[in-house]
Structure formats: structure tokens, C-alpha cells
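S.K.: here is a sequence with its predicted model. Questions after.
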Amino acid sequence: MRLHAKTGCSIFFVLTPLLVLFLTASDTRAGTVTLQSNHDMVSLKHELTRTCKMGFAYLKKAQNPDGSWSNPGFPALTGLVVYAFLTSPEMMHAKDKSAFIEKGLDYIISNAREDGAIYREGLPNYNTSICVMALLAANDPTYHPYIRKARRFIVSGQLDEGEPGVADQPMDGGIGYGTKDHSDMSNTYIALEALKASEFLESDDQLAAYTELKGLQKTTLDWDAALKFIQRCQNLPGYNDQAWSSADEKNKGGFVYYPGSSKAGEETLENGKTALRSYGSMTYAGLLSFIFADLKKDDPRVQAAYGWLKNNYSLEENPGIGQQGLYYYYHTMAKALTLFGEDHLALENGQTIDWRREMAVNFVNTQREDGSWINPTARWWENDPVLVSAYTLISLNMITPHL
């Protein structure tokens, strides 16, 4: 059952600057696109129109009868698809939402719990945070009460294991999947994104607009503690207070999964010290988290992360872990570089990379005949064409307006 705003209150969905940026921003098909000239760029744009049309057609056909996509036990998968559709050029400014999108949104809120969480089988923070972004993209105040309650739940997941209010333990300030075993950089980034994008709902006018949410007060994350956790995931001594943090040339500025653990493993340096290896997707997640925490572009922590990403630029792999999580890497890369405001990457070898063009060409060339994308390396669910196609189309929604 949906909650509604008090009769007579005019509440409009106001896009935050963050969302404005977001929203303006194998068996493969025969043929390979390459770029040689401006004429080729025009051809690429036509090809991208076809690519997106095929991708969205695939996703529309893949919807389950109950309105969900892929595994109904994890509404985040539906949230990613709904977000992909609602941030597409065709739907973003549409007056009315298509019936199948309404059905997807109804499925999302059917999983909403009394404590504000939106999940079914597990991974409460992951599911809730992604579903918040989908509900925000609907641009409909009908969903604001669900988002407000979800904000409260997300904030409740911030860890504070030592002395209350003091980030004195490595995991303090971060957010994990929801079990509170430990925080991690991936869940923290998606939680911060959801909170930052929905913070306009914390205005006094918004708080007074709903009669059903009695006693609901402003939801406040400890952003200082969150920043402390983010720093503790970055290989940057001087800001990271953990002993494992390394300033070696290969890892400095990059990010790991959580303090003391990297999905890219570790290595022994020439000085005998063991370093946790930085890797691509978590470094983009770290850069995004710094942006959500309102750090400036010239902040040393931001510049160190950006420097590592430039030095390890690749569309062939997720740097540090190969093909694992490749499309998640593309997704975080497109989002981070769009928000960072970087059109070209100037590499140390003097080469200048138009990353949007290269990413767009990559997506055109790797699309399958049915319109979907898939990662043959199955880790982190990337053998699911619905998930991977949603990642890809969200990325294309952000990059194609700037080509």
C-alpha cells in the first residue's frame, strides 16, 4: 500500500545537482566499430541509437510476470533496470510512465518493510540503496515516504564498533551489506549515493508534508566518520591511519575493498612490506564516495585516486582483478568520471584518451544478438544478462549525451 502526501500540499520532485549530472549524463554482433574521423563519430551515434534500442527491448522482454527482473529475491536487480529505463533519453522527460515501469516500481515498494528497508532475501543495504535511486528517478512524490524511511534504514547501518561517536575502529563510519560483520567500499558508495541524492527530502517543508510518518525526524549520517572509513580504504599514508596502507608506485592512491582486505590480493614489495593491491572498480567507488562527501577536486585524496585511475586506465579489464566485475567497473567508471567532470584522460605517456568514445565503441562491439550484454566471468552475478545489460545502459545514458 502506498503512502501519500497530505492533501493540499504541493510537493514537487526537485533534482539535486548530483542527480542532474547523473541523468544528463561471448556471442557478439557481427562487425566491429572503430573511430577514425568525425564522420565515424556520426556513424557511431547512429549505431548507439540502435544499440540502446536493442538493449532496452531486451530488458523489456525480460520482465517477470510479477513486475520484477531477474531474481525476484533481490529487488536491487529490478531497481537497476527501472533506473536504466527512467534515466534514458526517451523516458527521462516523458509525462507518463509506461505500464511495465509502473509495474516494476510497484514490485519495488512491495518489498518495503516497516523499518524502511527494501529487500526480500538478504543484502538489505545493497537492495535498499539501489531501490532508492530507482524510486528517485521516477520523479513522483508518491514514493517520497518510502525513500524517507529507507534513508533512516540506510543510516542505521553505519558501523560504530568502538567508543560511540568516535571512529576508533577500522570499520567505523562505513556501511556493509547489512549484516554488520564489516563495512565495505562498495556498499558504502551506493549508500552514500542514495543518501546524497535524496537529501532534498530533509527540508522542513518536506518533513511537514506527510501525515503518515508521525514523529519522523531528520536523518543524519555521520559524514566525518564515513570520510574516515573511505580514507581507510585508500592506499595513501598520511590520510589512512592503518599500518597496511602503502605509498608504493603501483598502489598509491588506489582503493581496496575494506581496511585490511583487497579482492585483488596482496603483494610483497622490494622493502619486504606486504601491500594490499589497489584495483579499478573500488578506486572508482572511492572517488565517487569522496565526491558524495563533498571533497573538492583538488583535494590530495581525490587527486591521488584520480592519478591511480589514469595510470591504470583500461577498458580491457577491471585493473587489478582482470575480467571479474568488469561491467560493474564500467558502471562506476562512467558515473565517477561524469561527476568528476573529466572529458579526456591525459596519460603519463602523453596520450589523451576520449574515454566516452572508447567506452561507447566497446559497448557497441560487445552487445549480443538479442540486445543483451554478459560477462563470461560469472563472479558477482555478471553471468546474468539482465544485471550486466542494466549496468551497460545506465552507463550509456550518462555518456552518450556528451559524445
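M.R.: Good, I have the coordinates.
S.K.: which residues does residue 329 contact?
M.R.: Residues near residue 329 by CB atoms under 8 Å, 6 or more residues apart in numbering: 280-281, 284, 318. No exception for glycine: its C-beta is placed from N, CA and C like everyone else's.
S.K.: closest one to residue 252 out of the residues you listed, please.
M.R.: Nearest to residue 252 out of the contacts of residue 329 is residue 280 (CB to CB; 14.8 Å).
S.K.: quick check: that closest one touching residue 316?
M.R.: No. Between residue 280 and residue 316 there is no contact under CB atoms under 8 Å: 11.0 Å.
S.K.: give me the more crowded residue out of those two.
M.R.: Of the pair residue 280 and residue 316, residue 280 is the one with more neighbours under other CB atoms under 10 Å, namely 27 against 9.
S.K.: pLDDT value on the closest residue to that one other than its chain neighbours, please?
M.R.: Spatial nearest neighbour of residue 280, chain neighbours left out: residue 319 (3.8 Å); criterion: CB to CB, 6 or more residues apart in numbering. Looking at residue 319, its pLDDT stands at 98.
S.K.: can you tell me how far residue 319 sits from residue 106?
M.R.: According to CB to CB, to the nearest Å, residue 319 stands 40 Å off from residue 106.
S.K.: which of the two has more residues huddled nearby?
M.R.: residue 319 (21 against 12).
S.K.: that one and residue 312 touch, don't they?
M.R.: Yes. Here residue 319 reaches residue 312: they are 4.1 Å apart, a contact under CB under 8 Å.
S.K.: need the overlap of contacts for the two.
M.R.: Both residue 319 and residue 312 are in contact with residue 280, where contact means CB under 8 Å, 6+ apart.
S.K.: would you map the strands across this protein?
M.R.: According to DSSP state E, the chain carries its strands in the segments 266-268, 274-276, 345-346, 352-353.
S.K.: and these: which comes nearest residue 116?
M.R.: Once those are compared by CB to CB, strand 274-276 is nearest, at 34.1 Å.
S.K.: below-threshold pLDDT in the stretch 101-250 of the chain: ranges please.
M.R.: Counting by pLDDT under 70, the ranges of the stretch 101-250 of the chain that qualify are 204-217.
S.K.: do a quick rundown of the helices in it.
M.R.: 124-137, 144-156, 185-197, 204-207, 223-231 (DSSP state H, counting those that start in this stretch).
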